[in-house]
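Student: I'd like to go over a predicted model; first the sequence, then the structure.
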Amino acid sequence: MNSVSTAVVGDLFAGRYLIEARLGDGAYGEVWRAKDRHRDQVVALKILSSTQPDDAWQEARRLTELESPNILRVSNADLAIDVPYIASALATRGTAADEMKPLGMAPARAVHLIRGTLRGLQLCHDRRILHRDVKPANIFIGGTGDAQLGDFGCAALMAPDDTGNPHGDPDIRALEVLKGGSCTRSSDIYSAGLSLYAMLTGSLPFSLAALGDFKALREAVTAGMPDVRDVAPHVSLGLAQVVRKATAPKPADRYGTVAEFSAALAKHATAHADIWRVEPSSAAHLDHVGHDRCWTAVRRHDAQMIYVCVDPSGRKWDVLVRRSSGRRANTLCRSGLNSSATTVHLRRIFDKLR
């Protein structure tokens with residue numbers, strides 16, 4: 001086998017991996033479920049493109065030395081003739097990208113997963129490895145529900161000046177990398193912060209596919225991304241400030257280290273209430289249809305459930321709140337002629353719930 005495209009179910013890749021099923025693909029290769037006959041175990045086999053922009057995969061052998069509950073175990077990295085590949089543990093509970101669809105996840109859960117991801121990233125940086133592709137799809141959910149940083153197909157050993165060549169998914173690249181600059185620890189931190197934004201809101205703020213080209217993407221990132229509370233008003237002001245610092249356009253304005261980023265998140269790991277956005281159809285108990293946005297909150301001290309919905313009423317938006325002990329939904333406010341004013345009211349409501 002000398003090209004990725006020839007991989008089919010039933011192939012014996014590199015003389016040891018029996019290809020069983022295709023799991024997915026991306027810009028830098030394909031991922032297959034395979035049986036490692038040498039170790040008698042099922043693995044995720046990433047077969048990388050032989051036209052990679054640099055030799056990132058060559059340093060992946062160092063990843064086999066990384067042992068951490070927060071890193072998806074890499075068992076092998078090598079060449080099959082001229083095709084580079086990486087074999088890693090098979091994650092059976094999906095990724096943060098799966099869990100966050102389509103409306104994001106509760107802030108405490110997002111913080112928990114990102115802090116786990118940062119523990120794995122810290123070990124990489126300690127070993128002078130840049131991940132260069134930290135994103136929700138590469139944050140795997142382990143058997144205990146914790147985060148495991150994986151997919152090291154773009155990883156590279158730092159040069160003597162602590163940098164690496166530009167690489168990784170354009171949607172999560174820091175501005176300096178989009179402009180052709182080097183990847184650094186700081187750009188990995190940016191990508192982790194952007195992943196947190198996506199997990200809180202349900203999607204990344206910018207997409208190359210949506211914007212059309214790199215120039216438009218660079219211009220959007222340069223202009224600055226939306227405040228996370230404009231998209232997800234249930235996120236606390238303090239957590240939003242952490243996200244903004246981690247994703248600052250200038251590296252000097254970001255957290256200096258992974259540990260500093262994680263420490264800033266520690267105080268947001270718990271709250272007086274868990275709040276998450278739900279599909280409007282899930283709030284049918286409020287006896288209203290056609291809702292614009294809906295959330296469910298659970299207060300920790302008494303386990304009471306509180307439902308918050310935005311109901312377009314003519315040219316205005318009503319914010320409706322019902323507690324699990326109440327029979328009717330109360331209209332808190334008729335907030336005005338635009339959803340922006342409604343978002344301000346929602347922030348106040350959620351701040352009180354915390």
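Tutor: Yes, it's here. Small disclaimer: the values here were computed from a predicted structure and weren't measured.

Student: how about the strands in the stretch 201-350 of the chain?
Tutor: Assigned by DSSP state E, counting those that start in this stretch, the stretch 201-350 of the chain shows strands spanning 273-278, 293-299, 305-313, 316-323, 330-334.

Student: can I get those in CSV with mean neighbour count, distance to Tyr85 and mean pLDDT?
Tutor: (Glycine included, C-beta is placed from N, CA and C.) Output for the strands of the stretch 201-350 of the chain, formatted as CSV (neighbours: other Cβ atoms under 10 Å; distance: least, Cβ to Cβ, whole Å; pLDDT from 0 to 100):
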stretch, mean neighbour count, distance to Tyr85, mean pLDDT
strand 273-278, 20, 38, 91
strand 293-299, 21, 43, 90
strand 305-313, 19, 48, 82
strand 316-323, 19, 53, 79
strand 330-334, 14, 56, 55
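
Student: Run a quick check on Ser68 versus Leu118, I expect a contact.
Tutor: No - using Cβ atoms under 8 Å, Ser68 and Leu118 do not qualify as a contacting pair, with a distance of 11.4 Å.

Student: Would you point out which residue is most central in the chain?
Tutor: The centroid of the chain falls nearest to Pro136 when counting by Cα atoms, centre = their mean (2.5 Å).

Student: re earlier: can you pick out the residue with more neighbours from Ser68 and Leu118?
Tutor: Shown here are Ser68 and Leu118; by other Cβ atoms under 10 Å, Leu118 has more neighbours (29 against 15).

Student: tell me the contacts of the nearest residue to the more buried one once chain neighbours are set aside?
Tutor: Counting by Cβ to Cβ, 6 or more residues apart in numbering, the nearest residue to Leu118 once its immediate chain neighbours are dropped is Ser262, at 4.5 Å. Each residue near Ser262 by Cβ atoms under 8 Å, 6 or more residues apart in numbering is listed here: 115, 118-119, 122.

Student: Next one: Ser262 from Leu63, what distance?
Tutor: 21 Å (Cβ to Cβ, to the nearest Å).

Student: Ok, Val319 next?
Tutor: From Val319 over to Leu63 (counting by Cβ to Cβ), the distance is 49 Å.

Student: How far does stretch 33-46 stretch from one end to the other?
Tutor: Start and end residues of stretch 33-46 are separated by 9 Å (Cα to Cα, to the nearest Å).

Student: Pull out the buried residues from that stretch.
Tutor: Judged by neighbour count (16 or more other Cβ atoms under 10 Å), stretch 33-46 contains these buried residues: 33-36, 43-46.

Student: ok, back up a step: separation between the residue nearest to the centre of the chain and Leu196?
Tutor: 9 Å.

Student: Give me the neighbour count for Arg22.
Tutor: Arg22 - counted by other Cβ under 10 Å - has 13 other residues nearby.

Student: whoops, I mixed them up, Ser182
Tutor: 17.

Student: so Asp318 sits right up against Asp311, yeah?
Tutor: Yes - between Asp318 and Asp311 there is a contact at 4.6 Å, judged by Cβ under 8 Å.

Student: re earlier: ok, the residue nearest to Leu118 to Ala269 distance?
Tutor: Ser262 is 10 Å from Ala269, by Cβ to Cβ.

Student: Next: Asp11.
Tutor: 45 Å.

Student: For the chain, just list every one of the helices.
Tutor: For the chain, the helices defined by DSSP state H occupy 96-100, 107-126, 175-178, 185-201, 208-211, 214-223, 228-231, 237-246, 258-266, 339-353.

Student: Confidence-wise, which helix or strand of the chain is lowest on average?
Tutor: strand 330-334 (a mean of 55; mean pLDDT, DSSP states H and E).

Student: pLDDT at the residue lying closest to Glu67 once chain neighbours are set aside, what is it?
Tutor: Of all residues not flanking Glu67 in the chain, Arg73 sits nearest, at 7.6 Å (Cβ to Cβ, 6+ apart). At Arg73, the pLDDT value in this model is 89.

Student: Arg73 touches Ala89, doesn't it?
Tutor: Yes - contact criterion Cβ under 8 Å: Arg73 and Ala89 qualify, at 4.3 Å.

Student: re the thing from before, distance to Asp171 for the strands of the stretch 201-350 of the chain - can I get that in TSV?
Tutor: Shown next, in TSV, are the strands of the stretch 201-350 of the chain (distance: least, Cβ to Cβ, whole Å):
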stretch	distance to Asp171
strand 273-278	22
strand 293-299	24
strand 305-313	28
strand 316-323	31
strand 330-334	36
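
Student: wait, which of those strands is closest to Ser191?
Tutor: Proximity to Ser191 (Cβ to Cβ) singles out strand 273-278 among the strands of the stretch 201-350 of the chain, at 23.6 Å.

Student: which helices and strands sit right next to that closest one?
Tutor: The elements that strand 273-278 packs onto, with contact taken as 3 or more Cβ pairs under 8 Å, 6 or more residues apart in numbering; DSSP states H and E, are helix 107-126, strand 293-299, helix 339-353.

Student: Pull the distance from the second one to the chain's centre.
Tutor: Centre-to-centre, strand 293-299 and its host chain are 22 Å apart (Cα atoms, centre = their mean, to the nearest Å).

Student: Show me what that strand is packed up against.
Tutor: Judged by 3+ Cβ pairs under 8 Å, 6+ apart, strand 293-299 is in contact with strand 273-278, strand 305-313, helix 339-353.

Student: strand partners of it, parallel vs antiparallel please.
Tutor: Its sheet considered, strand 293-299 pairs with strand 273-278 (antiparallel), strand 305-313 (antiparallel) by DSSP bridges.
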